[in-house]
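> I need the structure of the sequence given here:
(chains A and B)
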There are 2 protein chains.
Amino acid sequence: MALPTRVTLWEAGPRDGLQNEPGVVSTEVKVELIDRLVDCGVTHIEATSFVSPKWVPQMGDHEAVMAQMKRRPGVTYQVLTPNMKGYEGARAAGAEAIGVFAAASESFSKKNINCSIEESIERFRPVVEAAKRDGVKVRGFVSVVVGCPFEGDIAPEQTAKVTKQLYDLGCDDIGLGDTIGVGTPAKVKRMIEACAKLVPLEKLGGHFHDTYGQALANTLAALECGLARHDASVAGLGGCPYAPGATGNVATEDVVYMLDGMEIETGIDLKKLVQTAWWISDRLGRPPASRVARALKSKCL
Amino acid sequence: MALPTRVTLWEAGPRDGLQNEPGVVSTEVKVELIDRLVDCGVTHIEATSFVSPKWVPQMGDHEAVMAQMKRRPGVTYQVLTPNMKGYEGARAAGAEAIGVFAAASESFSKKNINCSIEESIERFRPVVEAAKRDGVKVRGFVSVVVGCPFEGDIAPEQTAKVTKQLYDLGCDDIGLGDTIGVGTPAKVKRMIEACAKLVPLEKLGGHFHDTYGQALANTLAALECGLARHDASVAGLGGCPYAPGATGNVATEDVVYMLDGMEIETGIDLKKLVQTAWWISDRLGRPPASRVARALKSKCL
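Reported below is the predicted structural model:
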């Protein structure tokens, strides 16, 4: 399989990243982060989440974020909407792309969203139907696609089954998330191959966490399978770089550096991205988790 | 190309690692580190360097290290010997495997070892001849194989030429070092392919630095080219994990984790290795650079 010549990066920092940071970030900083990322050339960005502030207080300012961010034409600003209430709130705030979140393991589904996989799919059904009716784009996510903290290894066929359910539901594309970062290249390839038997490859994307330092190797494995959409998080937001067991997303800078070196186009300006990584990290009071951001600091700032 | 089913890891922590750490480490700690690594299942280890203490004071205790380490049968304890004086010292200390160090770029050769590439090869000639006569194994190293801090990108053919010179000189195998960590998978593959045109593939090994977070992706690329020898450094020794521009070796734990997950045998016990990573890191007063060591701390310690 030839490598893709162009990759679309979905920037997860403002939502998946900041939601999992210990500190609280102001609306003003969130909005500036989104605008700065778009200035770097990011075209797809997860902006916030329309989940009850009772469960996710970090994203409680979703309406204000949606109202204040710039919304550049051609850029997809996606928001998480776990249910109809979230969907309605997102639409009222002008969302044109949403995301729904399932898991590949029953135990993780129960712990994370408090229902079975089947129940989650049924809960998403009216959301996706409403989105289709309203002309709103829908991303599906599958978490713990290769390994689960409660069940251990996940069979590729199990992940493929949930992926197919989200596809059949009407999701425009599906992000395959190694939520706890335990994947290694061979496992990732087997998982993607199983999914690609049931869902067109061009509908699939990778979402790797760097908990065990495997995220870039897994990204390479996914590229070799033909995956041309990848989630990443500026500065590796979503996990403290120094805490044991930190579960940060792969840093966007590290992915862009690799893709630049492989002459795979992303449309993202690495220098501006490194500047943005340091800008948000300064606001969080610690250096970026990204090795590229640290290595290029003096060249870019 | 099928992936190797078994990989030999060359442990670089005690020499390449500790030599590039800011603090001074006692002989006692160095010796214990070597013995602990061998207990983990490491079979090939760079123990010290017979370079003048004037140039490399960190390795000035090479004789004491050689005298005090355990020397388990079947384990290769290799030492760096840049010239005949070093070789004689190493032999007097009982070394049975040595290493010589060339560069793929003229500027790096001049800066690093103060002579041209050609002069370095001529300087190594009597060393390798003596080693062959004495039945001593010889590793050759080529540094800056894909990129040089002074010359930028290095042509694959240039690296291949120097690799061939070391092979012709009589080196038993040659480690290809991305010294400044700027390589990305496509560049690494082109470099290895060029080398494999001139030197048998089974004589080649990979040596990747994680400065830009690319080391594991590059290791995967090298595995896909068939490379079954890889250098790595316990705890990622050789670069502070938090300093901008740190140029640490890839952490052995991260490589072993990936290879374990790919069912590629290394013979190394990951749990013991993580314990060793924390042990040496505690002595250096900071956490390991390895994400695996940090993520598995509570499970292994």
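
> Could you find the closest non-adjacent residue to the residue in the stretch 101-250 of chain A that chain B sits nearest to?
Closest contact between the stretch 101-250 of chain A and chain B, by CB to the nearest CB, is at A:Thr184 (2.8 Å). C-beta: built from backbone N, CA, C; applies to glycine. Once flanking residues are discounted, A:Thr184 sits nearest to B:Gly261: 2.8 Å by CB to CB, 6 or more residues apart in numbering or on different chains.

> pLDDT at that neighbour, what is it?
The score at B:Gly261 is 97. That number is its pLDDT.

> Ramachandran coordinates for it?
Backbone torsions for B:Gly261, taken as degrees, to the nearest 10, come to phi -70, psi -20.

> Contact partners for it?
Neighbouring residues of B:Gly261 by CB atoms under 8 Å, 6 or more residues apart in numbering or on different chains: A:Val182, A:Gly183, A:Thr184, A:Pro185, A:Ala186, A:Lys187, A:Gln214.

> Around chain B, pick out the residues from chain A.
A:3, A:181-187, A:210-214, A:216-217, A:219-221, A:241-246, A:251, A:254, A:257-258, A:260-263, A:287, A:290-292, A:294-295, A:297-298 (CB under 8 Å from any CB of the partner chain).

> Just the buried ones from those residues?
With neighbours counted by 16 or more other CB atoms under 10 Å in any protein chain shown, the residues of chain A next to chain B contain buried members at A:3, A:181-187, A:210-214, A:216-217, A:219-221, A:241, A:244-246, A:251, A:254, A:257-258, A:261-262, A:287, A:290-292, A:294-295, A:297.

> From these, which land in helices?
Residues from these lying in helices, with DSSP state H as the criterion: A:185-187, A:216-217, A:219-221, A:254, A:257-258, A:261, A:291-292, A:294-295, A:297.

> Check the gap between A:Asp61 and B:Asp210 for me.
For A:Asp61, the distance to B:Asp210 equals 37 Å [CB to CB, to the nearest Å].

> ditto for A:Glu28
Following CB to CB, the distance that separates A:Glu28 from B:Asp210 is 35 Å.

> in stretch A:49-68, what's buried?
A:49-51, A:56, A:58-66, A:68.

> Low-confidence regions, the stretch 201-301 of chain A specifically.
In the predicted model, the stretch 201-301 of chain A carries pLDDT under 70 at residues A:239-247.

> That one: strands as residue ranges?
Here the stretch 201-301 of chain A has its strands, by DSSP state E, counting those that start in this stretch, at A:204-208, A:229-232.

> what's the shortest one packed up against?
Where contact means 3 or more CB pairs under 8 Å, 6 or more residues apart in numbering or on different chains; DSSP states H and E, strand A:229-232 is packed against strand A:8-11, strand A:173-178, strand A:204-208, helix A:252-261.

> Describe which strands it pairs with in its sheet and in which direction.
strand A:8-11 (parallel), strand A:204-208 (parallel) (DSSP bridges).

> ranking these by burial, who's on top?
Among these, the stretch with the highest mean neighbour count (mean count of other CB atoms under 10 Å in any protein chain shown) is strand A:204-208, at a mean of 27.

> Report the angle between that one and helix A:252-261.
120 degrees (axes from the mean of the first three to the mean of the last three CA atoms, to 10 degrees).

> List the contacts of strand A:204-208.
Contacts for strand A:204-208 (CB under 8 Å, 6+ apart): A:8, A:10, A:12, A:141, A:163, A:173-178, A:181, A:183, A:188, A:192, A:195-196, A:214-216, A:218-219, A:222, A:227, A:229-231, A:249-250.

> how about a cut-off of 6 Å?
Strand A:204-208 is contacted from outside by A:173-178, A:195, A:215, A:218-219, A:222, A:227, A:229-231, A:250, using CB atoms under 6 Å, 6 or more residues apart in numbering or on different chains.

> Which of those residues are buried, as a ChimeraX select command?
Applied in ChimeraX, the following selects the buried portion of the contacts of strand A:204-208 according to 16+ other CB under 10 Å:
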select /A:173,174,175,176,177,178,195,215,218,219,222,227,229,230,231,250
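
> Of the contacts of strand A:204-208, which is the nearest to B:Gly236?
Set against B:Gly236, the nearest of the contacts of strand A:204-208 by CB to CB is A:Ala215 (15.9 Å).

> picking that back up, would you convert the strands paired with strand A:229-232 into JSON lines that also reports distance to A:Ala104?
Output for the strands paired with strand A:229-232, formatted as JSON lines (distance: least, CB to CB, whole Å):
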{"stretch": "strand A:8-11", "distance to A:Ala104": "19"}
{"stretch": "strand A:204-208", "distance to A:Ala104": "12"}
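
> and A:Leu198, what is it in contact with?
Applying CB under 6 Å, 6+ apart to A:Leu198 gives the contacts A:Ala160, A:Lys164.

> hmm, try it at 10 Å
Counting by CB atoms under 10 Å, 6 or more residues apart in numbering or on different chains, A:Leu198 touches A:Glu157, A:Ala160, A:Lys161, A:Thr163, A:Lys164, A:Gln165, A:Tyr167, A:Asp168.

> so what's it scoring on pLDDT?
At A:Leu198, the model reports a pLDDT of 98.

> And for A:Ile113?
A:Ile113 carries a pLDDT value of 87.

> tell me, how many neighbours does the closest residue to it other than its chain neighbours end up with?
Among residues not flanking A:Ile113 along the chain, A:Ser120 sits closest, at 5.8 Å (CB to CB, 6+ apart). A:Ser120 has 24 neighbours, counted by other CB atoms under 10 Å in any protein chain shown.

> Secondary structure class of A:Ser120, three-state.
Three-state call for A:Ser120 (DSSP: H, G, I helix; E, B strand; the rest coil): helix.

> pLDDT wise, what is it at?
Taking A:Ser120 on its own, its pLDDT is 97.

> so who does it touch?
A:Ser120 makes contacts with A:82-83, A:100-103, A:109-110, A:112-114, A:162, A:165-166, as judged by CB under 10 Å, 6+ apart.

> Mark which of those are buried, thanks.
A:82-83, A:100-103, A:109-110, A:112-113, A:162, A:165-166.
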